[in-house]
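Participant: Have a look; sequence and predicted model below, questions after that.
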Amino acid sequence: MRIIAKGTLREFWEQNSDAETGLRFWYAKISKNDWNNPNEVITGFNGAHTVGNGRIVFNICKNKYRLIVFFRYDIQIAYIRFIGTHKEYDAITDIQNR
C-alpha cells in the first residue's frame with residue numbers, strides 16, 4: 001500500500017524522537033501489505049480501531065501518540081490525516097472528517 005505522506009511522519013518524529021521507532025514500524029508494515037478492508041488492518045495492529053468514514057486510529061508509542069489514517073482500499077493508498085499527542089487527538093471534534 002502506498003502512504004501519503006511519509007514526510008509528515010518524519011517531521012513528527014524529528015520533533016518527538018520517542019515516536020520514531022513506532023512510526024517506522026507502522027510505515028513498514030502498512031507499505032508492505034495489500035489491505036482490502038479495515039478488519040484486515042486492525043487485526044495487524046494491537047489497539048487500532050475504526051472511527052468511520054474510512055479512517056483508522058493507531059496507537060503509537062504505547063498510546064502516547066495517535067495516528068489517524070484514511071484508507072482507500074480500492075486504489076491501495078493510505079493518507080495520513082493526523083499525527084499528534086493523545087491530548088491533541090482528544091481535542092478533535094469531527095474525527096470522521098479529519
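Facilitator: Received, thanks.
Participant: For this protein, give me the ranges with low pLDDT.
Facilitator: 96-98 (pLDDT under 70).
Participant: Tell me where it has helices.
Facilitator: Assigned by DSSP state H, the helices in the chain fall at 6-15, 20-31, 38-43, 86-90.
Participant: And the first one, what does it pack against?
Facilitator: In other words, helix 6-15. If you count contacts as 3 or more CB pairs under 8 Å, 6 or more residues apart in numbering; DSSP states H and E, helix 6-15 packs onto helix 20-31, strand 77-85. For every residue, glycine as well, the C-beta is placed using N, CA and C.
Participant: can you do 6 Å?
Facilitator: helix 20-31 (3 or more CB pairs under 6 Å, 6 or more residues apart in numbering; DSSP states H and E).
Participant: what angle sits between the helix it packs on and strand 77-85?
Facilitator: With axes from the mean of the first three to the mean of the last three CA atoms, to 10 degrees as the basis, helix 20-31 and strand 77-85 are set at 160 degrees to each other.
Participant: Tell me how far the closest residue to G44 other than its chain neighbours lies from G52.
Facilitator: Spatially, and ignoring its direct neighbours in sequence, G44 is nearest to K29 (6.5 Å; CB to CB, 6 or more residues apart in numbering). Distance from K29 to G52, counting by CB to CB, to the nearest Å: 23 Å.
Participant: re earlier: how about TSV for the helices of the chain, with distance to V69 and mean neighbour count added?
Facilitator: As requested, the helices of the chain are exported to TSV (distance: least, CB to CB, whole Å; neighbours: other CB atoms under 10 Å):
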stretch	distance to V69	mean neighbour count
helix 6-15	10	14
helix 20-31	8	16
helix 38-43	9	15
helix 86-90	13	13
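Participant: between these, which gets nearest to I60?
Facilitator: With CB to CB as the criterion, I60 lies closest to helix 20-31 of the helices of the chain, at 4.4 Å.
Participant: between the closest one and helix 6-15, how big is the angle?
Facilitator: 160 degrees.
Participant: quick one, phi psi at Y73?
Facilitator: Y73 adopts backbone torsions of phi -70, psi -30, taken as degrees, to the nearest 10.
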